[in-house]
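Student: Can you look at this prediction? I've put the sequence above it.
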Amino acid sequence: MDVLNTYGGVVDYSVGSIVYGSFVFLVFAGISVIGWRMGERLWPTIFAILSLLGALLIVLSVLKPDYIPITHEVTLRPGGVIDAVKYDIVEQRGAIFVIEERTPAE
């Protein structure tokens, strides 16, 4: 088995969720402060709750990252086989096999 390319094996912290959560937090927190200073009491409370939900989104996206499995693009030599215990075949493109490493829990 000849390995042509390997990718994956990283943890994705879902940067989009972190940026979106930060934006939601800052916008709603800012509106809460402005409303509170203007003497209103109901809307700032609602926006404060929404800003806390934005902060919760940030925390959840950091605490629960997505693991991207290790994937290899390989070719087989004549008579070669792919170890079905260690790898799953994800795709085949002609003579190139895309295989994914299994996690030990599987």
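Tutor: Done, it's in.

Student: count of residues packed around residue 74?
Tutor: Other residues near residue 74 come to 19 when the count uses other CB atoms under 10 Å. Using the backbone N, CA and C atoms, a C-beta is placed for each residue, glycine as well.

Student: those strands in this structure, which residues are they?
Tutor: Assigned by DSSP state E, the chain shows strands spanning 2-7, 10-12, 66-68, 71-75, 87-93, 96-101.

Student: Adding mean pLDDT and distance to residue 26, write those strands out as JSON lines.
Tutor: Below are these laid out as JSON lines (pLDDT from 0 to 100; distance: least, CB to CB, whole Å):
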{"stretch": "strand 2-7", "mean pLDDT": "84", "distance to residue 26": "34"}
{"stretch": "strand 10-12", "mean pLDDT": "66", "distance to residue 26": "23"}
{"stretch": "strand 66-68", "mean pLDDT": "71", "distance to residue 26": "25"}
{"stretch": "strand 71-75", "mean pLDDT": "91", "distance to residue 26": "37"}
{"stretch": "strand 87-93", "mean pLDDT": "89", "distance to residue 26": "40"}
{"stretch": "strand 96-101", "mean pLDDT": "90", "distance to residue 26": "39"}
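
Student: now those as TSV including distance to residue 27?
Tutor: Formatted as TSV, the entries for those read as follows, by distance: least, CB to CB, whole Å:
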stretch	distance to residue 27
strand 2-7	36
strand 10-12	25
strand 66-68	26
strand 71-75	38
strand 87-93	41
strand 96-101	40
